[in-house]
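Q: the sequence and its predicted three-dimensional model are supplied below.
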Amino acid sequence: MGWFTKMLTSSIGKKLVMALTGLFLCSFLLVHLYGNSNLLGDPANAKESFDGFSKFMSTFPPIRVLEIGLALGFLLHILQGTILYFQNKQARPIGYAKMPGNETSSLFSRTMIWSGALVLFFLIVHVDTFFVDVRLAQGHEASMYDAVKSAFENPAYAGFYLFSLLLLAFHLNHGFQSAFQSLGLNHKKYTPLIKGLGLAYSILVPLGFAAMPIYFIILKYYPCCGGK
């Protein structure tokens with residue numbers, strides 16, 4: 001196991017862990033977005049559907065095991081990202097040189113640690129709002145739909161949520177492409193496709209999440225739009 005530990009603690013190993021945990025978290029976002037889609041539609045049906053989905057996700061034993069893996073994935077991703085950032089900073093004490101034609105890529109690369117830190121702050125607030133204040137404090141019988149509705153009807157929280165999604169979009173745009181690059185999947189034939197998929201993912205997924213607070217704000221002021 002010595003070679004395995006040495007590999008994981010090497011620069012290449014850290015980038016590999018970052019890539020795999022990043023792609024794992026990308027897949028989680030798709031599942032989370034699918035679950036949140038139950039929020040949309042006729043409020044009565046949406047409440048029953050979303051509360052049922054939330055209760056299943058919080059009580060089904062295999063899902064609880066996956067939650068541990070998800071938490072570990074987040075921690076590993078954050079830890080390795082932080083370590084790599086400071087290692088790269090030590091290796092480049094003057095900072096990145098601005099290369100012609102690559103300003104956009106350099107900007108995304110240099111701000112990954114900051115966009116990631118802000119997304120982490122959002123995640124802490126998000127988990128505290130829905131998991132700690134609702135699931136842990138009130139138990140499985142609490143209506144997660146009512147909690148989400150109440151939070152998203154608050155303009156301050158909705159605005160914070162939408163701003164965080166914008167940061168997430170920037171983080172995903174570079175991270176998605178970097179993950180495949182770290183895995184060695186660089187090829188002149190496939191790289192443009194990967195970049196295209198990464199761009200589409202980084203736009204469509206945050207937009208999907210953004211639809212939720214926008215929907216509840218519209219429903220608050222124009223209840224006729226949500227059905228009966």
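A: Cool, got the structure.
Q: from what I see, residue 77 and residue 25 are in contact.
A: Yes. Contact between residue 77 and residue 25 holds when scored by C-beta atoms under 8 Å: they sit 6.3 Å apart. Just so you know, the C-beta spots here come from the backbone N, C-alpha and C atoms, and that holds for glycine as well.
Q: those two: which has the busier surroundings?
A: Between residue 77 and residue 25, counted using other C-beta atoms under 10 Å, the more crowded position is residue 77 (21 against 18).
Q: how close does that one get to residue 126?
A: Applying C-beta to C-beta, to the nearest Å, the value for residue 77 to residue 126 is 16 Å.
Q: show me what secondary structure element comes after the helix or strand of the chain with the lowest mean pLDDT.
A: The helix or strand of the chain with the lowest confidence, counting by mean pLDDT, DSSP states H and E, is helix 2-9 at a mean of 55. Moving toward the C-terminus from helix 2-9, the next helix or strand (DSSP states H and E) is helix 11-36.
Q: after that next one comes which helix or strand?
A: With elements assigned by DSSP H and E, the helix or strand that comes after helix 11-36 is helix 43-59.
Q: give me the angle between that following helix and helix 11-36.
A: Computed with axes from the mean of the first three to the mean of the last three C-alpha atoms, to 10 degrees, the direction of helix 43-59 lies at 140 degrees from that of helix 11-36.
Q: how about helix 43-59 as CSV, C-alpha atoms only?
A: The C-alpha trace of helix 43-59 is given here as CSV (Å, rounded to 0.1, in the frame of the first residue of the first chain):
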residue,chain,number,x,y,z
PRO,A,43,-48.3,23.4,-5.0
ALA,A,44,-50.5,20.7,-3.4
ASN,A,45,-49.1,18.0,-5.6
ALA,A,46,-45.5,19.4,-5.4
LYS,A,47,-45.7,19.4,-1.6
GLU,A,48,-46.7,15.8,-1.5
SER,A,49,-44.1,14.8,-4.1
PHE,A,50,-41.2,16.7,-2.7
ASP,A,51,-41.9,15.8,1.0
GLY,A,52,-42.1,12.1,-0.1
PHE,A,53,-38.9,12.3,-2.0
SER,A,54,-37.1,14.1,0.9
LYS,A,55,-38.3,11.6,3.4
PHE,A,56,-37.2,8.7,1.2
MET,A,57,-33.8,10.2,0.8
SER,A,58,-33.4,10.8,4.5
THR,A,59,-34.6,7.4,5.7
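Q: list the contacts for the residue most central in space within the chain?
A: If you average the C-alpha coordinates of the chain and look for the closest C-alpha using C-alpha atoms, centre = their mean, you land on residue 29, 5.7 Å from that point. With contacts taken as C-beta atoms under 8 Å, 6 or more residues apart in numbering, residue 29 has the following neighbours: residue 205.
Q: low-confidence ranges in the protein?
A: By pLDDT under 70, the weakly predicted segments of the chain are 1-11, 14, 64, 91-111, 139-140, 186-187, 224-228.
Q: for residue 78, give its distance to residue 174.
A: Computed as C-beta to C-beta, the residue 78 to residue 174 distance reads 16 Å.
Q: neighbour count winner among the two?
A: Residue environment comparison for residue 78 versus residue 174 gives the larger neighbour count to residue 174, 20 against 17, counting by other C-beta under 10 Å.
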